[in-house]
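Engineer: missing the sequence, but the structure's below:
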């Protein structure tokens, strides 16, 4: 039995400082970064998605950034397929893949044995959900079902938004969380052994960083970026499309004269805070994540050193354990 390749994931809510820490870790661990951000996959969406700068990407190779056209839909299945290719190529160079980002669904797609985008069961699932939808109070039943399996998405969707609620349930059922696997133990580890580390900040500090970051985005030309995307024909209202991202949809409303730009900025800050809170909930539920909180260290450098030592130790332990396991197998 071969030990599975190790990959390291760095997660945490938006604005917590994953980018800087990931660059440090990649340099120290001979790693390359694989972005786990559902908006950084899109080309020409740079400011509002807080992409690493070209200078940062010159220091450490980055993958899964700018891989999709904002006119297209990009699914979790697309992400999984492309990310697996990136991970394989990084491993083939004898380097460590470092997954970095805040999209929990992307982490699950890499970590667990999820077959995404296969369609045999889709019709049965859809049929079942449609039947529920037609019952009295069906929409509330569906929303409650979604809340159970995917609180983060349920939080974003109103029970009346029945089409999206059904779609989210469908994705969840197809992507490996079927009835028989309702318990977490049902999530089978996929082809890699993923070690997950989280960065956290006290809420007030995190919110202050989110606000400061948005002010920087505005100065860097976020409004112009949105204008350019609209001019290039990106559909502003496409379901689950690129322009539905926080920071983009609000500016679109302002450009259309529905709200003032000031109000748009307020809304982006508010929506970013809510999003950070939801990411927090999502990652907090995951008991295998080791958390590193900035307030527990005298400085950011001290936190990064502690995190680095922990990762090295965990890799050593896994290799030692797998080494003895494979000897047993001989």
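Structural biologist: In hand now; what should we look at? Treat the numbers as computed from the prediction; the structure is a model and nothing was measured.
Engineer: which parts of stretch 270-283 are buried?
Structural biologist: The neighbour-count check on stretch 270-283 (16 or more other C-beta atoms under 10 Å) flags 271-273, 275-280, 282-283 as buried. In this view, the C-beta of every residue, glycine as well, is placed from N, C-alpha and C.
Engineer: same check, this time on stretch 245-261
Structural biologist: Residues 245-255 are the ones in stretch 245-261 that count as buried (16+ other C-beta under 10 Å).
Engineer: In helices, which of those appear?
Structural biologist: For those, the ones inside helices are 249-255, with DSSP state H as the criterion.
Engineer: Tell me how many other residues crowd residue 5.
Structural biologist: Per other C-beta atoms under 10 Å, the neighbour tally for residue 5 reads 15.
Engineer: Please tell me how far it sits from residue 193.
Structural biologist: To residue 193, residue 5 is 7 Å away according to C-beta to C-beta, to the nearest Å.
Engineer: For the protein, just list every one of the helices.
Structural biologist: Along the chain, counting by DSSP H, helices occupy 18-28, 54-59, 76-92, 104-111, 122-134, 138-149, 151-156, 162-174, 203-220, 222-231, 249-255, 261-284, 300-329.
Engineer: and the ones you listed as JSON lines, adding mean pLDDT and distance to residue 197?
Structural biologist: Below are the helices of the chain laid out as JSON lines (pLDDT from 0 to 100; distance: least, C-beta to C-beta, whole Å):
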{"stretch": "helix 18-28", "mean pLDDT": "96", "distance to residue 197": "9"}
{"stretch": "helix 54-59", "mean pLDDT": "92", "distance to residue 197": "20"}
{"stretch": "helix 76-92", "mean pLDDT": "96", "distance to residue 197": "17"}
{"stretch": "helix 104-111", "mean pLDDT": "93", "distance to residue 197": "12"}
{"stretch": "helix 122-134", "mean pLDDT": "76", "distance to residue 197": "34"}
{"stretch": "helix 138-149", "mean pLDDT": "84", "distance to residue 197": "25"}
{"stretch": "helix 151-156", "mean pLDDT": "82", "distance to residue 197": "20"}
{"stretch": "helix 162-174", "mean pLDDT": "78", "distance to residue 197": "25"}
{"stretch": "helix 203-220", "mean pLDDT": "94", "distance to residue 197": "17"}
{"stretch": "helix 222-231", "mean pLDDT": "96", "distance to residue 197": "30"}
{"stretch": "helix 249-255", "mean pLDDT": "96", "distance to residue 197": "31"}
{"stretch": "helix 261-284", "mean pLDDT": "93", "distance to residue 197": "10"}
{"stretch": "helix 300-329", "mean pLDDT": "90", "distance to residue 197": "6"}
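Engineer: nearest to residue 34, of those helices?
Structural biologist: Nearest of these to residue 34, taken as C-beta to C-beta: helix 76-92 at 5.3 Å.
Engineer: I'd like to know which elements that closest one is packed against.
Structural biologist: If you count contacts as 3 or more C-beta pairs under 8 Å, 6 or more residues apart in numbering; DSSP states H and E, helix 76-92 packs onto strand 31-35, strand 62-63, strand 96-100, helix 104-111.
Engineer: if you set the cut-off to 10 Å instead, what comes out?
Structural biologist: Counting contacts by 3 or more C-beta pairs under 10 Å, 6 or more residues apart in numbering; DSSP states H and E, helix 76-92 is packed against strand 6-11, strand 31-35, strand 62-63, strand 96-100, helix 104-111, helix 162-174.
Engineer: Contacts for the shortest one, please.
Structural biologist: Strand 62-63 has contacts (C-beta atoms under 10 Å, 6 or more residues apart in numbering) with 22-23, 26, 32-35, 40, 51-52, 54, 56, 82-83, 85-87, 89-90, 97-100.
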